[in-house]
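A.B. asks: let me see the structure of the following:
(one chain, ligands or ions: 1)
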Amino acid sequence: MSQNPPSKTEALPKPVSISSGWIAFIILSFFSVLAGSIVLISPLGPAIRNLFSWLFGLGAAQSATWYVTRAAGIVAYLLLWLSTIWGLAISSKIFDRLLHRGFTFDFHQLFSLLALGFLALHVFILMADSYLPYSLAEVLVPFLSPYRPFWVGLGVIAAYISILVTVTFYLRQKISMKNFRLIHYTSLLGYLGATLHGLLAGTDSSLPVAMLMYLVTFLLVIFLLAYWLLMLWLSKRPQPAPALAR
Ligand code: HEM
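C.D. replies: Numbers count the residues shown, from 1 in each chain. Below you'll find the model as predicted:
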């Protein structure tokens, strides 16, 4: 018995959208981290830190918060990178034959939101660290950091750019498409700032595995950026006039 072949629309995967549950989860996590950080910088902070050191068997020279902030920084970097390459792949229409645009766009937004969540963890835990506690001003104002002020300052600027770009995902209807795109292009500067920040402010950057991570991720962005620019140039090139029918 012969069956009709599936139509082109049936063959496409069903679009998914980030449910309000996900957004609520991310917002809730953000405020939990905020509340946790406030407790850590309160008078209760030292007792809680001692409890963590005891629970995880950390000596006096080691600080659990220092590990958490560094790990969160690396996860935030990887999520930001994922969002950047995903965005470049969407713009270059790389996914169009495989996945529905609604699906790929939602993932792009999700990676940006998750990056902001880990960025919040990175920064708030830094304020609670006993080894090098950061003040609110040092976290919010670029180049005020007591440690490697320039490279940490680049991280602060990258954080502002990432927040701006992510927020405008939800303001697309209110700002024009032209403004949305212009703001979105700055995300490449945000990614560059975050890369230089991680590489030149990070303790782990001297490790071969960290250097390899920055190198491979950065080169992939450069490759996709070049591909996107090439596709853009090809699409803008004047098309040759069709040959006249005899
Ligand atoms: C998009 C924004 C950001 C990303 C992706 C990011 C990511 C990272 C990464 C990957 C590291 C290296 C971790 C390591 O090697 O151990 C790092 C280190 C650091 N970041 Fe950020 N960061 C961002 C924003 C910020 C902000 C706003 C601050 C606020 C002051 C900050 C403060 C620091 C500090 C002090 C270090 C050095 C920690 C260490 O010694 O490893 N970062 N960051």
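
A.B. asks: low-confidence ranges, the chain, go.
C.D. replies: Where the chain drops to pLDDT under 70, the residues are 1-26, 29-30, 33, 37, 40, 52-53, 56-62, 130, 242-246.

A.B. asks: and the strands in it?
C.D. replies: With strands called from DSSP state E, the chain shows none.

A.B. asks: need the residues of the protein near the ligand, please.
C.D. replies: Counting by Cβ under 6 Å from any ligand atom, the chain comes close to the ligand at 70, 73-74, 76-77, 80, 119, 122-123, 126, 134, 139, 145, 147, 152, 155-156, 158-159, 162, 194, 197-198, 201-205, 210. In this view, the C-beta of every residue, glycine as well, is placed from N, C-alpha and C.

A.B. asks: just the buried residues of those residues.
C.D. replies: 70, 73-74, 76-77, 80, 119, 122-123, 126, 134, 139, 145, 152, 155-156, 158-159, 162, 194, 197-198, 201-202, 210 (16 or more other Cβ atoms under 10 Å).

A.B. asks: quick check: helices, which of those are part of them?
C.D. replies: Using DSSP state H, the subset of these located in helices is 70, 73-74, 76-77, 80, 119, 122-123, 126, 139, 152, 155-156, 158-159, 162, 194, 197-198, 201, 210.

A.B. asks: show me the contacts for the spatially most central residue of the chain.
C.D. replies: The centre of the chain sits closest to Leu80, judged by Cα atoms, centre = their mean, with a distance of 2.2 Å. Neighbour list for Leu80: 111-112, 115, 158, 162, 190-191, 194 [criterion: Cβ atoms under 8 Å, 6 or more residues apart in numbering].

A.B. asks: so how far is Ala159 from it?
C.D. replies: As judged by Cβ to Cβ, to the nearest Å, Leu80 and Ala159 stand 10 Å apart.

A.B. asks: cool, Ser176 as well?
C.D. replies: 26 Å.

A.B. asks: residues contacting whichever residue of the chain sits closest to the ligand?
C.D. replies: Closest contact between the chain and the ligand, by Cβ to the nearest ligand atom, is at Gly202 (2.3 Å). Taking Cβ under 8 Å, 6+ apart, we find Gly202 in contact with 70, 73-74, 210.

A.B. asks: mind doing that once more with 10 Å?
C.D. replies: Listed by Cβ atoms under 10 Å, 6 or more residues apart in numbering, the contact partners of Gly202 are 70, 73-74, 77, 148, 151, 155, 210, 214.
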